[in-house]
Structure formats: structure tokens, C-alpha cells
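J.: one predicted model, sequence on top.
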Amino acid sequence: MAITRDAVVEALRDVADPVDGQDIVTSGIVRALTIEGDAVRFVMEVAPDRAPAYEPVRAQAEARVRALPGIGKVSVLLTAHSEKAPPPELKPRRATPPGGPARIPGVKHLIAVASGKGGVGKSTVSANLACALALEGRRTGLLDADVYGPSQPRMLGVSGRPASPDGKTILPMRNFGVTMMSMGLMLDEGQAVVWRGPMLMGALQQMLLQVQWGDLDVLIVDLPPGTGDVSMTLAQKAHLDGAIIVSTPQDVALIDARKGIDMFGKLKTPILGMIENMSTHVCSNCGHEEHIFGHGGVAAEAERLGVPLLAEIPLHLDVRRASDGGAPIVVSQPDHPAAQVFRQLARRLVADGVA
Ligand SMILES: Nc1ncnc2c1ncn2[C@@H]1O[C@H](COP(=O)(O)OP(=O)(O)OP(=O)(O)O)[C@@H](O)[C@H]1O
């Protein structure tokens, strides 16, 4: 029987990370997994001072994989990620001089998740979509560019200041199979509030180009709400494959969403489609459905604009709880109806060749 990547990953999920408390796949220390015939190789990347403590975990991981049917050679190496140099300061500096849209090295697809108005669930959608794409086997990255309200560290259960091997480049964080970086991890509290346009633009470029994203099939960028400098810079400077616009069915959110669509249109960024979030409220006690913010508004708008309605996500307490708990519903309750909507969304984007 051929060894599959899924089987190896599943086996490794049985092994706990003693520091992180999660399994070693979720905690992101398993790297460079390669399978050649019946031979399996991977490394476990840990902090240098913790290497001795991880030796039993390495042995356990090796034994767990070795127990899989049809396995030949298993090689598991402990490597220490360097924490010598602190990451570079995310400096409020001027963006590089004008130039055309550039591709980010190693990144196949770049997708922006935008909303006209704040609080409509753009970050919730970005986090769940990223996790769902990772579950589809896509090498997925998530950049939280919401400089005024970075929420991805909380949603993906990531904390701490990112390390840098050389003081110039930044090592991203990783959880739930998603490589992630957030402006929130690079800034001291309140720092960004005083930033002006050119500073924000420079910081975004730094995050796109100085973070060691590695080879990614898709990088999702969670933009700040509205059509401000960060959104404009991304659309102008980076080769975006498309933008997804998140809106609630309410008129006010829709009007703002139209402005966002208009901006991307002017900057020649394709709109991949719209997502209606908080589409219908499902009572967590009795299951009764209610359209608190109206219903069908986003579908009608998408039709008017000639763009697809990619998903309708229910407003459900479990979605909020999962995000607040640091494990998006797609990973914490994979059978939940809301999780299924995100999984279908991810499959659709993969099938359409954009992710
Ligand atoms: N479908 C949903 N069901 C329940 N709660 C949701 C849903 N979508 C988002 N929320 C909750 O609504 C709040 C706002 O969501 P989120 O932070 O994703 O919005 P946002 O558009 O990114 O906001 P911001 O303007 O701060 O960037 C969060 O507490 C989130 O957990």
C-alpha cells in the first residue's frame, strides 16, 4: 500500500508537543515532510535550548510513523531554529519608489480578503478560509494586514514576537497548517495608530517581502476594512490574483462593499466574488433560523455586479467562540455546518484554479 502524506500527518497528530500543548502538526514544528516510495523524512524544528527536551518527542514521532503499514525507512531530525537575532523593526518608513505589481517570490496565488465596513467578519472568513485551504492540502499562508485591528494572532492561537535568523528577514509563525504573520505581532500596542499612509505602505511591503513565506500555493491577505492605503498599496504593488469581498446582508455594509469593489475595479484587480457573512442566525439552543441582518442582499448585489456569490456563512455562536478560543471552527468543529461552508468555499477556489 502506498504511503500517503495524509496518513503520515494523521499519525503525527497523535504526538503531543510538550511546550505548546497541542499535537506536533498543529503546533507547526513538523517541517519538510517528504515521502519517497516507502521512505518518510521530516524535521522537527524547535528552539535550540529546548532540543534535549524534544528528543523523546522525536523518538515518539518516529515510532508512530514507523508503525504505519507499508513503511520502510523513517528519518526524523531535530533542528534548532535560530533565535539569535531579533526580527527587524517594522519601521514606519516610506514605501519603495513606484513600480508595477510584483509577484512575491515562491507564492503562486495571492488573494485579498476585503470588506467595505469593519466588523463584518473579514478576519473570521480569512482565518477559516486559510485553515480550510490547508486542509485541502494547499500550502497556505495568511498575512494579517489589518494594522489597526490585527485579530489573526488571537484567531489562530499564535503569540510571541517572530524570530529572525539574520536580523533582516522575519520567520513567520505557523498553526493549523497555516504559515502566518500579523502586523500585530511586530508592533507595540498603539504604535500603528499614529501611522500615516506612506508608513503603512512601507510596512506592508516589508511584511510581503521580508517574511520568509517559503513556497506557498496561496497567500491570503486579511486587509483592514475600507479602501485605505494598505488596500490600495496591495492592489498596486503586488500581483493580486483577486479579491474576495465580505459583507453582511445589511444595506449599510453593502454600500461600503460597493466602494471596495469599485476600488479594486479601478486598480484592475479581479473580484473573485462576494461572501455573505452573518447570513442567517441559527439559535444555538433550538436551531431556529432568523435573518437578523436581512437576507439575500449580498446575493442580489453580486448578481447586479456580475460577480459570483461564493458563500453564505451563518451567524452562529460557535463560530465566534471558536475564533475567540484560538482555533477557527473549520479546525475545532470540522463537522459544524458553518465549517462545511468554509470547506466548500476552499474547494471551490481550488477547483477554480485561484488557490
Ligand atoms: N458568522 C459568524 N458567526 C458568529 N460570529 C461571527 C461571525 N463572523 C464574525 N463573527 C464575530 O464577529 C466579530 C467581528 O468579526 P471579525 O473580527 O472577523 O470582523 P472584521 O470584519 O475582520 O472586523 P475588523 O473591522 O475589526 O477587521 C468577531 O467577534 C467574530 O468572532
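T.: That came through fine.

J.: for this protein, which residues score under the pLDDT cut-off?
T.: 1, 81-100, 188-198 (pLDDT under 70).

J.: domain assignment for it?
T.: Annotated domains of the chain cover 5-80, 107-351 [automatic domain parsing].

J.: tell me which of the ones you listed is the most buried.
T.: A comparison of these by mean neighbour count, using mean count of other CB atoms under 10 Å, puts domain 107-351 on top with a mean of 20. To be clear about C-beta, it is placed using only N, CA and C from the backbone, and glycine gets the same treatment.

J.: show me which residues of the chain sit near the ligand.
T.: Contact residues, the chain versus the ligand (CB under 6 Å from any ligand atom): 115, 118-124, 146, 149, 151, 225, 277-278, 313, 315-316, 319-320, 323.

J.: which of those residues fall in strands?
T.: The strands, defined by DSSP state E, take in Asn277, Met278, Ile313, Leu315 from the residues of the chain next to the ligand.

J.: residues touching Arg13, list them.
T.: By CB atoms under 8 Å, 6 or more residues apart in numbering, Arg13 lies in contact with Asp23, Ile24, Val25, Thr26.

J.: phi and psi next, for the nearest residue to the last one once chain neighbours are set aside.
T.: So the one you mean is Thr26. The shortest distance from Thr26 to any non-neighbouring residue, by CB to CB, 6 or more residues apart in numbering, is to Phe176 (6.0 Å). Phi and psi for Phe176, reported as degrees, to the nearest 10, are phi 50, psi 30.

J.: any idea how far Phe176 lies from Ser332?
T.: 9 Å (CB to CB, to the nearest Å).

J.: give the contact list for Ile255.
T.: By CB under 8 Å, 6+ apart, Ile255 lies in contact with Gly116.

J.: do you know how far it is from the ligand?
T.: According to CB to the nearest ligand atom, to the nearest Å, Ile255 stands 16 Å off from the ligand.

J.: and that residue, that's in a helix?
T.: Yes: under DSSP: H, G, I helix; E, B strand; the rest coil, Ile255 falls within a helix.

J.: what about the residue most central in space within the chain, which SS state?
T.: The central residue of the chain, meaning the one whose C-alpha is nearest the mean C-alpha position (CA atoms, centre = their mean), is Leu142 at 3.0 Å. At Leu142 the chain is in strand, as set by three-state DSSP.
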